[in-house]
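>>> Please work out how this folds:
(chains A and B)
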Amino acid sequence: MMETDAVKPTYVYGLMRADTTLPEGLAGLGPSGRVTTIVHGPLAAIVSDVPVGRPLGMRGDLVAHETVLDAVAGRAAVVPMRFPAVVEEHAVVDELLAPNEDRFLTLLDGLENRIQFTLTGRYEQDAVLREILEGDPEIAGLREKIRSLPEDATYYHRVRLGELVVQALEDRRDVEAADIVDRLGPFAVTIASNPLGAPEDVVNTAFLVERKRRREFEDAVESVGKALAGRIRLRLLGPVAPYDFVDEE
Amino acid sequence: MSVTTQRGGAGNGAVERAPGGGSSSLADVVALILDKGLVIDIFVRVSLVGIEILTIDARIVVASVDTYLRFAEATNRLDLYEKGGKDLPELVQSITEGGAKGKTTGVIEAAADAVGDMLARGREEREEVRRPVRQRPRERQE
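All right, here's what the predicted structure looks like:
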């Protein structure tokens, strides 16, 4: 890299052990397109240059951040930084690696030979609505009433019906999510639950899995998915870098 | 959470698979990395290095009357006796068409301007980027 007197901004994707080799062909988010490392003792920061003439945070920047980290995670322990992490080049050693060496090594130890999967699940809408209707007399009654009246006379009934249905969905999903996570928990080292968005969302949980148990975990997810087929659609993202597992308690 | 579907990995399984590595949808990338990862205070001082960073602004979308009406409609269109073997093809079809798919009324919308060039990609793409905040959304009940 060229030395200049000017402050040189550096993008930091994450941290790994100094003896980990970067995968070939990584594409950085800076104009050089390169991804390199800055090594200090047993630690290495995974870095690149940063975009010039445009702000950081475009779609491609997010994708590059994830792509680089997932690629490293595919072969070794990596600590992802929170996007976007920019620092002056000298600070990578002086302020990041040197003062935090023990802390970062401890984090890497905890991630050794482990990878993350994120499981999301959504209700199959018709199936779950049918269950709710059959199990809730108030909702079923309201629905019948709405059906017996002309549409323009039912606005408030329909709002109320929708509110009750959404409430029923939110009530039952907590139980379902706990059940799904319980069945997969034994195959993971740690789990981290994320908040849910739409009312149909059932589960959004990250699992930290031992590499050697990856197949076992995937088989367990598949088996849970089979059991839920027709009611809940599961989606498994990964393996990815351990984004959900670097919070220090 | 995602509208995009990708099949990979094990193939024909019951569970949809999405590989990592940034090759999945933008919604996946956003959900996966935003507000995740290690926070070090030196990165807060980014203004020192003169880099402009797009703020990732998470707006709360409160569960609205539109959400309720969408679920009311889906419920009303449901044929309760479909399973019982009544042969009503046209009704079944209307249920299928009426199934509110893809309209994510998520509680949080990661501001589209946070992901700059996405703006040009149209509404579909922007809907994909909606994601929840880490806090459980219960605003509706307040």
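>>> Just the mean pLDDT for stretch A:86-104, thanks.
Mean pLDDT, stretch A:86-104: 93.
>>> buried set for that stretch?
Using 16 or more other C-beta atoms under 10 Å in any protein chain shown as the test for burial, stretch A:86-104 gives A:86, A:87, A:88, A:89, A:91, A:92, A:93, A:95, A:96, A:97, A:100, A:104. Where C-beta positions appear, they are placed from N, C-alpha and C, glycine not excepted.
>>> residues in contact with residue A:63?
Counting by C-beta atoms under 8 Å, 6 or more residues apart in numbering or on different chains, residue A:63 makes contact with B:22, B:26, B:29.
>>> Identify the residue nearest residue A:217 in space, chain neighbours excluded?
The shortest distance from residue A:217 to any non-neighbouring residue, by C-beta to C-beta, 6 or more residues apart in numbering or on different chains, is to residue A:187 (4.1 Å).
>>> my guess is the one you found meets residue A:220, correct?
Yes. With contact defined as C-beta atoms under 8 Å, residue A:187 counts as touching residue A:220 (5.1 Å).
>>> Around residue A:233, how many other residues sit close by?
Other residues lying near residue A:233 total 19 when counted by other C-beta atoms under 10 Å in any protein chain shown.
>>> Quick check: which element contains the nearest residue to it once chain neighbours are set aside?
Nearest residue to residue A:233, sequence neighbours excluded (C-beta to C-beta, 6+ apart): residue A:122, at 5.2 Å. Using DSSP states H and E, residue A:122 sits in strand A:114-123.
>>> gap between that strand and the chain center?
8 Å (C-alpha atoms, centre = their mean, to the nearest Å).
>>> Quick check, pLDDT for residue B:125.
Looking at residue B:125, its pLDDT is 35.
>>> check contacts around residue A:40.
So residue A:40 contacts A:18, A:92, A:93, A:97, A:98, A:101 (C-beta under 8 Å, 6+ apart).
>>> Next up, the contacts around residue A:209.
Neighbour list for residue A:209: A:114, A:115, A:116, A:117, A:187, A:188, A:189, A:217, A:239 [criterion: C-beta under 8 Å, 6+ apart].
>>> one more time with 7 Å, if that's ok
A:114, A:115, A:117, A:187, A:188, A:189, A:217 (C-beta atoms under 7 Å, 6 or more residues apart in numbering or on different chains).
>>> What's the local residue count around the nearest residue in space to the fifth one that is not next to it in sequence?
If the residues on either side of it in the chain are set aside, residue A:188 comes closest to residue A:207, at 4.0 Å by C-beta to C-beta, 6+ apart. Around residue A:207 there are 26 other residues, counting by other C-beta under 10 Å.
>>> go on, residue A:235?
Neighbours of residue A:235 under the rule other C-beta under 10 Å: 23.
>>> The helix or strand hosting it packs against which elements?
Under the criterion of DSSP H and E, residue A:235 resides in strand A:232-240. The criterion is 3 or more C-beta pairs under 7 Å, 6 or more residues apart in numbering or on different chains; DSSP states H and E, and the helices and strands that strand A:232-240 contacts are helix A:59-73, strand A:114-123, helix A:214-228, strand B:16-18.
>>> at 6 Å what do you get?
Of the remaining helices and strands, those touching strand A:232-240 by 3 or more C-beta pairs under 6 Å, 6 or more residues apart in numbering or on different chains; DSSP states H and E are strand A:114-123, strand B:16-18.
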